[in-house]
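Generate coordinates for the sequence data below:
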Amino acid sequence: MQFQSVLSKVATLSRFSVFRKQTGRAFSINLMAMAQIKVGDKLPSVDLFEDSPANKINTSDLTANKKVIIFGVPGAFTPGCSKTHLPGYITGADDLKSNQSVNEIVCVSVNDPFVMSAWGKEHNATGKVRMLADPAANFAKALNLTIDLPPLGGVRAKRFSMVVEDGQVKELNVEPDGTGLSCSLANKIGKN
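Okay, the predicted model is just below:
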């Protein structure tokens, strides 16, 4: 799998080299930016939105001096996210906060903040799970955890969960196919 990833990056670089020769434009590529976030990495500093576009929540501030669970879903109001993923964190919130010393649980999706707020209200997430919007997929892209799902509007976040302590990723669970419901569920935190 790693070999295929390297080949993909080489092919991408080759396409850019051809582009440069044809257009004469200079550019640079940061291969490190292409790597998926991993345990031990510092969480990138990205603005997310809570309830409205006016309420920015920076991921660095959100995780500073705290233990935070962040889980990403492909889309608000979608079946797997609404029936299993989000409800699992809502019902497990008290247990995760008390037994695993978690300060906050955050759900992130590539949706607008109004949709995330409405979705949270429908599931009674208030006080249990913060619903944060990543409208331009900037957070998902910074983590290199994007997936192209045209039926859901294009670029979305892969389904994942992570534990972040004081800005550092301590646990990361990414669904192998990007959308499944196995390793990123609430009852798997601390067990993978």
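
What residue spans form the domains of this structure?
1-35, 37-188 (automatic domain parsing).

Tell me where the model's unsure across this protein.
1-34, 150-151, 192 (pLDDT under 70).

Could you rerun that using 50?
Along the chain, the model assigns pLDDT under 50 to residues 1-23, 26-33.

tell me which element the residue most central in space within the chain falls in.
Centroid check for the chain by C-alpha atoms, centre = their mean gives Gly72 as the closest residue, at 4.1 Å. Element membership of Gly72, judged by DSSP states H and E, is strand 67-73.

Parallel or antiparallel, list what pairs with that strand.
strand 104-109 (parallel), strand 160-165 (antiparallel) (DSSP bridges).

contacting residues around the last one?
Right, the one you point to is strand 160-165. If you take C-beta atoms under 8 Å, 6 or more residues apart in numbering as the criterion, strand 160-165 is touched by 37, 43, 63, 66-72, 102, 143, 145, 169-175, 183-186, 188-190. Placement of C-beta: from N, CA and C, glycine included.

returning to what we had before: for Ala93, find the nearest of the strands paired with strand 67-73.
Taking C-beta to C-beta, strand 104-109 is the member of the strands paired with strand 67-73 nearest to Ala93, at 5.6 Å.

hmm, who's touching the helix or strand that comes right after the closest one?
The helix or strand immediately downstream of strand 104-109 is helix 113-122, counting by DSSP H and E. With C-beta under 8 Å, 6+ apart as the test, helix 113-122 has contacts from 49-53, 55, 76-77, 82, 86, 107, 109, 111, 125-126, 129, 131-133, 135.

and helix 113-122, how far out from the chain's middle?
17 Å (C-alpha atoms, centre = their mean, to the nearest Å).

ok, now stretch 107-116?
So, by C-alpha atoms, centre = their mean, the centroid of stretch 107-116 is 11 Å from its chain's centroid.

Pull out the buried positions in that stretch.
Within stretch 107-116, the residues that count as buried by 16 or more other C-beta atoms under 10 Å are Cys107, Val108, Ser109, Val110, Asn111, Asp112, Pro113, Val115, Met116.

on that earlier part again, restrict the contacts of strand 160-165 to the buried ones and give me that as a PyMOL selection.
To isolate in PyMOL the members of these that are buried, counting by 16+ other C-beta under 10 Å, one can use:
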select buried, resi 37+43+63+67+68+69+70+71+72+102+143+145+169+171+172+173+174+175+183+184+185+186+189
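
Adding distance to Thr179, write the strands paired with strand 67-73 out as TSV.
Converted to TSV, these look like this (distance: least, C-beta to C-beta, whole Å):
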stretch	distance to Thr179
strand 104-109	13
strand 160-165	11
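
what's the closest of the ones you listed to Leu149?
Here strand 104-109 is closest among those (C-beta to C-beta), at 11.8 Å.
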